[in-house]
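Undergrad: Compute the structure for the input listed below.
(chains A and B)
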Amino acid sequence: MQMPKPNDLVIAGKSALVASLRAALPGDAVIDDIAETRAYECDGLAAYTCPPLAVVLPRTTEEVSAVLRICHAAGVPVVPRGSGTSLAGGALPTADSIVLGVARLNDVLETDYDNRFIRVQSGRTNLSVTQAVEERGFFYAPDPSSQLACAIAGNIAMNSGGAHCLKYGVTTNNLLGVTMVLMDGEVIELGGPFCDPGGLDLLGLVCGSEGQLGVVTEATLRILPKPEGARPVLMGFDSAEVAGACVADIIKAGVLPVAIEFMDRPCITACENFTGAGYPICEALLIVEVEGSEAEIDHQLGLIMAIAAQHDPVEMRESRSAEESAAIWHGRKSAFGAMGQMGDYICLDGTIPVSALPHVLRRIGELAQEYGLGVANVFHAGDGNMHPLILFDANKEGDLALAEGMGEDILRLCVEVGGCLTGEHGVGVEKRELMSTQFAPSDLEAQMQVKDVFDPGWLLNPSKVFPLSVSAARRDRAA
Amino acid sequence: MADVKLRADPAADLRPMDEAALAAAVAQAEGPLRIIGGGTRPVGRPVAGQVLSTAGLSGIRLYEPGALTLVAGAGTPLAEVEAALAGEHQRLPFEPMDHRALLGTDGAPTLGGMVAANASGPVRMLRGACRDSLIGVRFVDGTGRAVSNGGRVMKNVTGYDLVKLMAGSWGTLGVLTEVSFKLLPCPETVAVLRCGGLDDAAAIRALTAALATPFEVTGAAHLQLGADGAPVTMIRIEGFEQSVSYRAGQLRAALAEFGSFELEADPARAAADWADLRDVRGFAGAPGDVWHLSTVPGDAPGLVARLPGARAQYDWGGGRVWLLVPEGEDVRAKIGPFKGHATLVRASEATRTRIPSFPPEPAPVARLSADLRHRFDPRGILNPGLMD
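TA: Coordinates of the predicted model:
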C-alpha cells in the first residue's frame, strides 16, 4: 500500500508548529515526543503504521477550532481520530500530519427522554451512549461489533452499522445533528434535535465522509425505547443456496427480524472449536433474532421456523431463555476471536444483493483454492453485508500481499454482482485504490468536488477514500 | 449566480426519453430549466424556465421482493410502483405524502419528485424519511454530467453519500434519472387508538408517553379539528394481528391518565384517517397559507400558541406541525427563533416570491450550500432560486 511522499517543508516546521499548538492548548493536550506519538501510528488496520508529527487531544470544540486554524494557516494535514478502531486505515497518519484525537471529548451534554434524543461529545464510545440512557429504558440503535471501544466520531465518519441495522438502520438514520469544525476553524451546526434539514442535507453528506469534510465535536443522536425482549432461533442447512432461499422467504413473509446472521462451514467449525457453543457442523447456519413481548416473540419465531421447515433444515434450535439466547450468540460473537486463534486474518466488508449469495460464496471458495488461503464467511444476511475472513501468516514473506490480493478479488466480485466495496467499515486507505472499480471517473470527480467545498486546501485526512492518482492534482495543489 | 439568458418565449417542453438525451438537453440548455416530475409539488420560490420533464425516464428496472429492493426510472409514477409493491405485500417504508389535495394540483406524482422533495409521512418518526430508504441515485448535474452514487444494496458506505444530498434538494443540484429504494413488508394489521377532546399540550404529553413505550408506535398525531369538528389525538400500531391487539391493550392502559383511547374498529376508516393526516387534507381548499414546522415535540404547543390565528395539525408526536395561517403571514417572523425550522409549503406565487419558502441558513452553512450548488450547477440553470 502506498502513501504519498510527506511534505518536507511541513516536517521541517515541526517545532514552530508544536510551539503554536502549545500556546493555544493546555499543556497536556499536545504530544510530540517520538515515543509517545508512536501510540497513534496506526488504527485497527495494524499492518500499516506511520507516526505523525504530533498528536493533539483537545477537550472542547473551541480547542479543536484553535488546532484547525493553526494547521490551516501552516498548511499542515490533519488526521482526525476517534478511538482508532478503524479496520480500513481511516485514522492512519502520515509523517507530515497532526493526529487530532477526540478521545477527551467524552461528556454527555444533554439527555431528553421526552423528545427522545441525547447530545454527546463525539469522543464518547458507542456503548456508553446506550449505557447513559438504558436505566430509563432507552438505547442508541447502531451497534458496531467494536461498540465497547469505538467513538461516536468514528461512527459518524464511517457511517457505522451493526448487527441490528436491518430494523434500526445505520448511523446516518439515527444521527439528528452535529457540531462540526471546518478545516479553517469555523464552527458550524448541522441539524439538531428535530427531523430533516430545512435546506440541503449537509448532515447526510457529512455522515460517512471519513473525516474529510470537518471534525465533528458534538452529536445529537436519536434514542429509542428498548424492546420488551429479544430471542433468536438457530437453524442449520446443508447448502448456502438453501439458507439464502430461506432468508428470502422469511423476508417475503413479512417478518422483520432485527438480525439475520449467516455463517459458513469454515466459520461454524472455527467458532465451535473455539467456544464449544454446540453449533451443528453443516454448510450454512442462520441465527435469526426477533423482538417484542414473550408472546410476540413466540409468534414470530413460530412463523420463521415454519418457513425454515420447508427448506429441510439439519437443525432448528429456538431459544427459550436468556441463557439459551446467550449460548446461540456466543459462537457468532466469538467468530473474530476464533479466527484470530487460527492465525492472522483480513476482515473484508463488501455488500452484495442477497440474491447473489450462493454465486458469491461459490466464487470465494474457488478463489481460496486458487490463492491457497483459508477463508471463512460471516454475513449480515438480511442486508447482504459480507465479512469474509481471509487467513494468512503475517510472519511468512509475501503472505499478507497474497491475502490482500485475494481480498481485492472478492471485493471486485461484490461490485460485479451489483454490490459495493464496503458496507460499514469505510474505504480509508484499504479500499482506496479499488474505488475506480465501483465508480466512473465522473462519479469520483463529483465526490471530490464536495471535498473542494468543505476543505478547499485538501488538508483533512487527504490521502484516504480516493485513489491516490485520482486525488493527486488536488493534493499537490494544496502542498 | 451565473448570468443566464432567460428566454421570453420558451421553446416547447423538453421530454428526454433516456439519461443520455437528458444529459444532452441539460448540456445544451441556454437558459434556466424548470424540472418537472408529475408537477404535483409546486413548492418554493417560483421558477421561470423551460420545462424539463422526467416523464420519459419511466419504468421499474429491478424489483427483488426477497431482497427488499426496487430500482426505477425517476419519472416512474409512484402509483405504478405502489401497485407493483402491493402485489408482493410490500411498500415504501416512509409513507410518502401526496401533495395534490393540499396544493390543489393534479397529475401523477413520480418517484423523482418524491425524492426531490424528500417526501415522507406519519411513520417518518420511526422508520425515517424518504432519504433514509433511498439507497441509490443516478442524476445529471447542471453541466450535463451523469453521476451515479449509492447503489442497490442497503448497506453501503463506499465514498461520500450524495444519495442523502440529492434527497430534498428539489432539483437544484441535478436532475434525478434513476432511484433505488429499500422496502418493507406491509403489516398484517393496522390499529388506531383515538382520544377526543384533549388540548394541544395534553395531547403532546400523551403522544410523548406513547412514544416512550416499547410498543412501536408508527403514528402519533393530534388534530385541533378532527373530522367531527372536535380535537382528536391518534396513535397507530402495525404488525401481526395478535401483537397489535396486545400492544393496543398495553397502550390504552399506559395512556389512561390522559383520557380514554378507543380502538377504531373499522380498518377502512383507520386507513382513511391516516391518509388524510399524511396528505394534510384537513387544510385542503381552506383559505390561507400552509406552513410546516420541524421541531422538538415538547416545544410544539408553545410555538403554535404564538400564532393566535393559526390552525394546527401535529404529526410525528409533535415533531412536525402543519399550520394553516392567514394569507401572507410570515410565520418565522411571528414565532421568532426556536429549535427547528419553518417551511412555507402553500401560498400564492406573490407570497412565495416575497417570503423564502425554505428556512434561511446561518452564513457559513449557506455558503457551503451555495458553493455545492455552484459546483454541480455552475451556470445556475437547474430550478434556479427555488430554495433561496
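Undergrad: just the helices in the stretch 351-479 of chain A please.
TA: For the stretch 351-479 of chain A, the helices defined by DSSP state H, counting those that start in this stretch cover A:357-371, A:399-416, A:435-438, A:441-454, A:468-478.
Undergrad: Mind listing what's buried along stretch B:103-117?
TA: Of the residues in stretch B:103-117, B:103, B:108, B:109, B:110, B:111, B:112, B:113, B:114, B:115, B:116, B:117 count as buried by neighbour count, 16 or more other Cβ atoms under 10 Å in any protein chain shown. Glycine gets a C-beta too; all of them are placed from N, C-alpha and C.
Undergrad: Surely residue A:261 is within a strand?
TA: Yes - counting by DSSP: H, G, I helix; E, B strand; the rest coil, residue A:261 is found in a strand.
Undergrad: give the contact list for the residue in chain B that chain A sits nearest to.
TA: Among the residues of chain B, residue B:164 lies closest to chain A, at 2.6 Å counting by Cβ to the nearest Cβ. Residues in contact with residue B:164 (Cβ atoms under 8 Å, 6 or more residues apart in numbering or on different chains) are A:172, A:201, A:203, A:204, A:205, A:207, B:131, B:134.
Undergrad: for the helix or strand containing residue A:205, the distance to its chain's centre please.
TA: Residue A:205 is part of helix A:202-206, with elements assigned from DSSP states H and E. In this view, helix A:202-206 has its centroid 17 Å away from the chain centroid, taken as Cα atoms, centre = their mean, to the nearest Å.
Undergrad: Which other helices and strands does that helix contact?
TA: strand A:175-181, strand A:187-191, helix B:162-166, helix B:363-376 (3 or more Cβ pairs under 8 Å, 6 or more residues apart in numbering or on different chains; DSSP states H and E).
Undergrad: Kindly format the C-alpha coordinates of the longest one as CSV.
TA: The one in question is helix B:363-376. C-alpha atoms of helix B:363-376 as CSV (Å, rounded to 0.1, in the frame of the first residue of the first chain):
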residue,chain,number,x,y,z
ALA,B,363,-24.0,32.3,6.9
PRO,B,364,-21.3,29.6,7.0
VAL,B,365,-23.9,26.8,6.2
ALA,B,366,-25.5,29.0,3.5
ARG,B,367,-22.0,29.5,1.9
LEU,B,368,-21.4,25.7,1.8
SER,B,369,-24.9,25.1,0.2
ALA,B,370,-24.3,27.8,-2.3
ASP,B,371,-20.9,26.5,-3.1
LEU,B,372,-22.2,23.0,-3.6
ARG,B,373,-24.9,24.3,-6.0
HIS,B,374,-22.2,26.2,-7.8
ARG,B,375,-20.0,23.1,-8.3
PHE,B,376,-22.9,20.9,-9.5
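Undergrad: That helix and chain A in contact?
TA: Yes - using Cβ under 8 Å from any Cβ of the partner chain, helix B:363-376 reaches chain A at B:364, B:365, B:366, B:368, B:369, B:371, B:372, B:373, B:375, B:376.
Undergrad: Model confidence for whatever residue of the stretch 351-479 of chain A ends up closest to chain B, exactly?
TA: Chain B sits closest to residue A:423 of the stretch 351-479 of chain A, with a gap of 3.9 Å, by Cβ to the nearest Cβ. With respect to pLDDT, residue A:423 scores 95.
Undergrad: contacting residues for the nearest residue to residue B:79 once chain neighbours are set aside?
TA: Computed as Cβ to Cβ, 6 or more residues apart in numbering or on different chains, the closest residue to residue B:79 that is not its neighbour in sequence is residue B:108, at 6.2 Å. Residue B:108 makes contact with B:38, B:40, B:77, B:78, B:79 under the criterion Cβ under 8 Å, 6+ apart.
Undergrad: The third one contacts residue B:110, doesn't it?
TA: Yes - because the distance of 5.9 Å satisfies Cβ atoms under 8 Å, residue B:77 is recorded as touching residue B:110.
Undergrad: that older thread, confirm the residue nearest to residue B:79 sits in a strand?
TA: No - using three-state DSSP, the assignment for residue B:108 is coil, not a strand.
Undergrad: Next, residue B:274: phi, psi?
TA: phi -70, psi -30 (degrees, to the nearest 10).
Undergrad: Run through the stretch 201-350 of chain B and note the low-pLDDT ranges.
TA: For the stretch 201-350 of chain B, no stretch is flagged by pLDDT under 70.
Undergrad: How about the residues of it by chain A?
TA: Counting by Cβ under 8 Å from any Cβ, the stretch 201-350 of chain B sits next to chain A at B:208, B:211-214, B:216, B:239-240, B:242-243, B:246, B:294-298, B:316, B:319-320, B:339-343.
Undergrad: go with 10 Å
TA: Neighbours of chain A within the stretch 201-350 of chain B, by Cβ under 10 Å from any Cβ of the partner chain: B:204-205, B:208-209, B:211-217, B:239-244, B:246-247, B:250, B:292-300, B:316-320, B:338-343.
Undergrad: The helix holding residue A:205: which residues count as buried?
TA: Buried positions in helix A:202-206, judged by neighbour count with 16+ other Cβ under 10 Å: A:202, A:203, A:204, A:205, A:206.
Undergrad: what's the answer for stretch B:19-35, then?
TA: Here stretch B:19-35 shows B:19, B:22, B:23, B:25, B:26, B:29, B:31, B:32, B:33, B:34, B:35 as buried, counting by 16+ other Cβ under 10 Å.
Undergrad: What confidence value was assigned to the fourth one?
TA: Read it as residue B:25. At residue B:25, pLDDT is 97.
Undergrad: So it sits against residue B:16, correct?
TA: Yes - contact criterion Cβ atoms under 10 Å: residue B:25 and residue B:16 qualify, at 5.2 Å.
Undergrad: who touches both of those two?
TA: Common contacts of residue B:25 and residue B:16 (Cβ atoms under 10 Å, 6 or more residues apart in numbering or on different chains): B:52, B:140, B:175.
Undergrad: Let me see the contact set for residue A:78.
TA: So residue A:78 contacts A:52, A:56, A:64, A:67-68, A:70-72, A:93, A:97-100, A:183, A:211, A:215, A:455, A:459-462 (Cβ under 10 Å, 6+ apart).
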